[in-house]
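# Predicted model and sequence follow; I will ask about them next.
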Amino acid sequence: MHPHTFDELLSIMQRLRKECPWDREQTNDSIKGHTIEEAYEVVEAIDHGNDHDLRHELGDLLLHVVFHSRIAEEEGRFDINDVLGAIIEKLVRRHPHIFGDTKVEDSAEVLKNWEQIKMEEGRESVIDGVPRSLPALLKAHRMQDKASKIGFDWEHREDVWKKVQEELEELRDAVERRNGSDMEEEVGDLLFSIVNFTRFIKVNPEDALRRTIDKFDRRFRHVERRVREAGIEPRNATLEEMDRYWDEAKAAERG
């Protein structure tokens, strides 16, 4: 088998846009949701440590870069070479410690310079670059991280933990008062403060919650399977029965 090239992919995309009815109908807007899905599938392959899937999912994501670029080229807006040029210029511009004379001591200083360069490029706020469409948990983490780059941050981890406890008490108070709008606001404040704390213990909250969701998925499916093996439909099982099988799943995972 001959080695495939990037130009071959570009050629195939060009042909698909001419000859395939479905590909020909697509726009940047119509495929944007698929692009997001492909990015998440890349993340899932990484989380599972599956190199076979990762290779394929990266290819799917690359296809979308080519797809979006081809649509834009047909409309006379830009082409794949403009995309490549933009990222190459950006990488060189934002790494003056590699391609220029800037000196840095560590990665923290690299990130600080990165944010400063972005501001010099015309952004009004350090949080301008956080996409509005990011999942809320990840968006909170990114906004807090970016704000911290210009010194808007807590100094001590203990103070952040106190803030979490404070927000929890405020939520408890709102619940006791049965104030719906306050409860929603306080839930948001509590989640935001927990995300802030995760930065100080160097845990990515999006990754952490995704792993917990996967764990719940495994254990709950085990509960459903074991209940059915006992001759009971899950909807008819008692909480005690389901809890027993849940504990069984936990024990199995631990050893």
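Arrived safely.
# these two touch, right, Pro234 and Arg225?
No: checked against C-beta atoms under 8 Å, the pair Pro234 and Arg225 is beyond contact range at 9.3 Å. Any C-beta I mention is one placed from the backbone N, CA and C, and that applies to glycine too.
# so which strand or helix has Ala141?
In this structure residue 141 is His, not Ala. Taking DSSP states H and E as the definition, one finds His141 inside helix 136-148.
# what do you get for Met242?
Counting by DSSP H and E, the element that carries Met242 is helix 239-254.
# Just the C-alphas of that helix, formatted as PDB.
Extracted C-alpha coordinates of helix 239-254, given in PDB (Å, rounded to 0.1, in the frame of the first residue of the first chain):
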ATOM      1  CA  LEU A 239     -34.100   0.200  46.200                       C
ATOM      2  CA  GLU A 240     -32.500  -2.300  48.700                       C
ATOM      3  CA  GLU A 241     -32.100  -4.800  45.900                       C
ATOM      4  CA  MET A 242     -30.500  -2.300  43.500                       C
ATOM      5  CA  ASP A 243     -28.200  -1.000  46.300                       C
ATOM      6  CA  ARG A 244     -27.000  -4.500  46.900                       C
ATOM      7  CA  TYR A 245     -26.000  -5.000  43.300                       C
ATOM      8  CA  TRP A 246     -24.500  -1.500  43.200                       C
ATOM      9  CA  ASP A 247     -22.200  -2.400  46.100                       C
ATOM     10  CA  GLU A 248     -21.400  -5.600  44.300                       C
ATOM     11  CA  ALA A 249     -20.300  -3.600  41.200                       C
ATOM     12  CA  LYS A 250     -18.200  -1.400  43.400                       C
ATOM     13  CA  ALA A 251     -16.500  -4.300  45.100                       C
ATOM     14  CA  ALA A 252     -15.700  -6.000  41.800                       C
ATOM     15  CA  GLU A 253     -14.100  -2.800  40.400                       C
ATOM     16  CA  ARG A 254     -11.900  -2.500  43.600                       C
END
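# and it, which residues are buried?
Neighbour-count burial for helix 239-254, counted by 16 or more other C-beta atoms under 10 Å, picks out 241-242, 245-246, 249.
# That one packs against which elements?
Secondary-structure packing of helix 239-254 (3 or more C-beta pairs under 8 Å, 6 or more residues apart in numbering; DSSP states H and E): helix 205-229.
# And the helices in this structure?
Here the chain has its helices, by DSSP state H, at 6-19, 21-25, 28-47, 51-74, 80-93, 96-99, 107-120, 136-148, 157-176, 180-200, 205-229, 239-254.
# Just send those back as CSV, with mean pLDDT and distance to Gly129 too.
Converted to CSV, the helices of the chain look like this (pLDDT from 0 to 100; distance: least, C-beta to C-beta, whole Å):
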stretch, mean pLDDT, distance to Gly129
helix 6-19, 97, 27
helix 21-25, 97, 31
helix 28-47, 95, 17
helix 51-74, 98, 19
helix 80-93, 97, 12
helix 96-99, 96, 19
helix 107-120, 88, 6
helix 136-148, 93, 7
helix 157-176, 96, 24
helix 180-200, 95, 17
helix 205-229, 95, 17
helix 239-254, 95, 39
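# Redo the ones you listed as TSV? Include distance to Val130.
Output for the helices of the chain, formatted as TSV (distance: least, C-beta to C-beta, whole Å):
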stretch	distance to Val130
helix 6-19	30
helix 21-25	32
helix 28-47	16
helix 51-74	21
helix 80-93	17
helix 96-99	23
helix 107-120	12
helix 136-148	5
helix 157-176	20
helix 180-200	13
helix 205-229	13
helix 239-254	35
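# Figure out which of these is closest to Ile127.
Checking those against Ile127 by C-beta to C-beta gives helix 136-148 as the closest, at 5.1 Å.
# Okay, buried residues for the closest one please.
So for helix 136-148, counting by 16+ other C-beta under 10 Å, buried means 137-148.
# with those in mind, which one is nearest to Arg219?
Nearest to Arg219 among these is Leu137, at 21.5 Å by C-beta to C-beta.
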